[in-house]
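K.L.:
Below: sequence and its predicted model.
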Amino acid sequence: MQVLNVDCFKQRVLYNTAKTYANQIVSGKDYDSLITVIALTIVDFVLIEETENYISSFHLK
């Protein structure tokens, strides 16, 4: 759980998710072997200002 809203927090989440995804591949294997990676981030602050919901969902595509 992240309790402090620090600079670049969203970028850190994206970096760690991308790193987890990329670390799955083994040299010589097809990209079809990669599986979906989901980053579940629980925070104690408003991460995305546009919502008034208690539960929100953010999808990066």
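P.N.:
Received, thanks.

K.L.:
rest of the way, CA atoms for contacts and neighbours
P.N.:
OK.

K.L.:
Look up phi and psi at residue 33.
P.N.:
Here is the backbone geometry of residue 33 (degrees, to the nearest 10): phi -80, psi -10.

K.L.:
Against residue 1, how distant is the nearest residue to it once chain neighbours are set aside?
P.N.:
Leaving aside its sequence neighbours, residue 33 sits nearest to residue 25 (C-alpha to C-alpha, 6 or more residues apart in numbering; 7.3 Å). Taking C-alpha to C-alpha, to the nearest Å as the measure, residue 25 falls 28 Å from residue 1.

K.L.:
try residue 18
P.N.:
Using C-alpha to C-alpha, one obtains 19 Å as the distance from residue 18 to residue 1.

K.L.:
between these two, who's got more neighbours?
P.N.:
Ranked by neighbour count (other C-alpha atoms under 10 Å), residue 18 and residue 1 place residue 18 first, with 14 against 8.
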